[in-house]
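# Predicted structure and sequence below. I'll ask about it afterward.
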Amino acid sequence: MVFYFSGTGNSRFAAERIAKAIGQEAHDITVYTKKKVPPVFIEGGAYVFCCPSYMSALAKAITDFISWASFPKGSKTYFVVTCAASMGITPKVGAELCEQNGLDYMGSAQVVMPQNYIALFTTKQKEDNNKIISEALPVIDMIAETVKNGEKLEEKKIGKIEYSVTKWVRDVYYKDFMKTKKFTATDKCIGCQMCVRICPLNNISMQDNKPVWGDKCSHCMACINRCPKDAIEYGKGSVGKPRYKGPEANLE
Ligand SMILES: Cc1cc2nc3c(=O)[nH]c(=O)nc-3n(C[C@H](O)[C@H](O)[C@H](O)COP(=O)(O)O)c2cc1C
Ligand code: SF4
Ligand code: SF4
């Protein structure tokens, strides 16, 4: 089975392409997490998890999902991490996660896709993103081929120091920096509620026809990038930057 967590569509895109290549469908993990009942999967065959890299490793949404749901013991498990530059320490985090959950770790692969972290970094113009996506296609196809053949993904070794320092930074970032205080809706907001519908954590509600943010946020950047009116800002950090609308919109 192929699962994904995705804010702006990069990881969904990779998951759907891999699923298609191996004759399956891709499943959004938030369909399960929003129901709040841990699912039990009994399907045989490989399990593939696609998600973004958040702070130098696979998104916590996926690691939490794997620990929360049940999978057949010993299932071959692959991680596919979309990122702007690097999947960081994913290989070690993924291997540990598999060990804790009785899964057979088959490796992790990174797919470089457009940057979506508009709150912190500079997002690119459409033409630059098109080039990045085109270059990602053969990488995704190679991963799909490896999964299809039941082979292991090649990955680099993660050193002990790199692992512990990165893990510490990640924990601090998740705890102290993934906040919503800086999100605001500007006068461009038309009250369409798209941000409410697409938030994977159900963290946005409407008050007086404008969105308000709760405190359960993974900083996935779906709301701010995908608002049809570009009416959301993150403090001053996002002002004037191009919004990343996802691979399909980009390739249109
Ligand atoms: C909170 C956050 C943290 C990120 N951290 C990293 C990172 O450590 N390394 C990296 O290469 N890209 C990082 N990115 C960029 C995303 O991993 C990348 O754009 C990804 O493809 C987005 O996937 P999605 O469209 O499926 O949400 C980060 C993005 C966000 C929103
Ligand atoms: S998606 Fe944009 S326009 Fe629609 S309600 Fe949210 S902020 Fe307003
Ligand atoms: S509120 Fe947070 S989790 Fe929800 S869409 Fe916005 S950035 Fe993502």
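That came through fine. Ligands and ions are numbered 1, 2, ... in the order given.
# Every contact and neighbour count from this point should use C-alpha atoms.
Fine.
# does any bit of the helix or strand harbouring Arg17 sit next to ligand 1?
Element membership of Arg17 [criterion: DSSP states H and E] is helix 10-21. Yes. Applying CA under 6 Å from any ligand atom, one finds helix 10-21 touching ligand 1 at 10-12.
# Pull out the buried residues from the lengthiest helix in the chain.
For the chain, the helix with the greatest residue count under DSSP state H is helix 126-148. Buried residues in helix 126-148, counted by 16 or more other CA atoms under 10 Å: 126, 129-130, 132-133, 136-137, 139-140, 143-144, 147.
# Outside of it itself, list whatever touches it.
14, 17-19, 21-22, 46, 78, 109, 111-114, 152-153, 247, 250-251 (CA atoms under 8 Å, 6 or more residues apart in numbering).
# and if we set it to 7 Å?
14, 18, 21-22, 111-114, 152-153, 250-251 (CA atoms under 7 Å, 6 or more residues apart in numbering).
# By pLDDT, rank those and give me the bottom one.
Within the set of the contacts of helix 126-148, pLDDT is lowest for Leu251 (67).
# Would you map the helices across this protein?
Using DSSP H, helices in the chain cover 10-21, 29-33, 60-68, 90-100, 126-148, 160-176, 194-198, 222-226, 247-251.
# Put the alpha carbons of the third one into PDB.
Spelled out, that is helix 60-68. Provided in PDB are the C-alpha atoms of helix 60-68 (Å, rounded to 0.1, in the frame of the first residue of the first chain):
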ATOM      1  CA  LYS A  60       6.300  13.700  12.200                       C
ATOM      2  CA  ALA A  61       2.800  13.300  10.900                       C
ATOM      3  CA  ILE A  62       4.000  10.100   9.200                       C
ATOM      4  CA  THR A  63       6.100   8.800  12.100                       C
ATOM      5  CA  ASP A  64       3.100   9.300  14.400                       C
ATOM      6  CA  PHE A  65       0.800   7.600  11.900                       C
ATOM      7  CA  ILE A  66       3.000   4.500  11.700                       C
ATOM      8  CA  SER A  67       3.200   4.200  15.500                       C
ATOM      9  CA  TRP A  68      -0.600   4.800  15.800                       C
END
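# what does that helix contact?
By CA under 7 Å, 6+ apart, the surrounding residues in contact with helix 60-68 are 5, 38, 51, 101.
# re earlier: from the residues of helix 10-21 next to ligand 1, which is closest to Val239?
Checking the residues of helix 10-21 next to ligand 1 against Val239 with CA to CA, the nearest one is Asn10 at 22.6 Å.
# contacting residues for the closest one?
So Asn10 contacts 82, 113, 246-247 (CA under 7 Å, 6+ apart).
# same question, Lys76
Taking CA under 7 Å, 6+ apart, one finds 45-47, 103-106 in contact with Lys76.
# Just grab the bridge partners of it for me.
Beta-bridge partners for Lys76, by DSSP bridges, are Asp104.
# ok, now the one 4 residues further on?
Beta-bridge pairing of Val80, defined through DSSP bridges, involves Cys50, Ala109.
# wait, which of the contacts of helix 60-68 is closest to Cys189?
The nearest member of the contacts of helix 60-68 to Cys189, counting by CA to CA, is Phe5 at 26.5 Å.
# May I see the domains of the chain written out as residue ranges?
Following automatic domain parsing, one gets these domains for the chain: 2-172, 178-235.
# tell me which parts of this structure are close to ligand 3?
Residues of the chain lying near ligand 3 (CA under 6 Å from any ligand atom): 199-201, 203-204, 217-223.
# is ligand 1 contacted by stretch 125-145?
No. Taking CA under 6 Å from any ligand atom as the criterion, stretch 125-145 and ligand 1 are apart, separated by no less than 10.1 Å.
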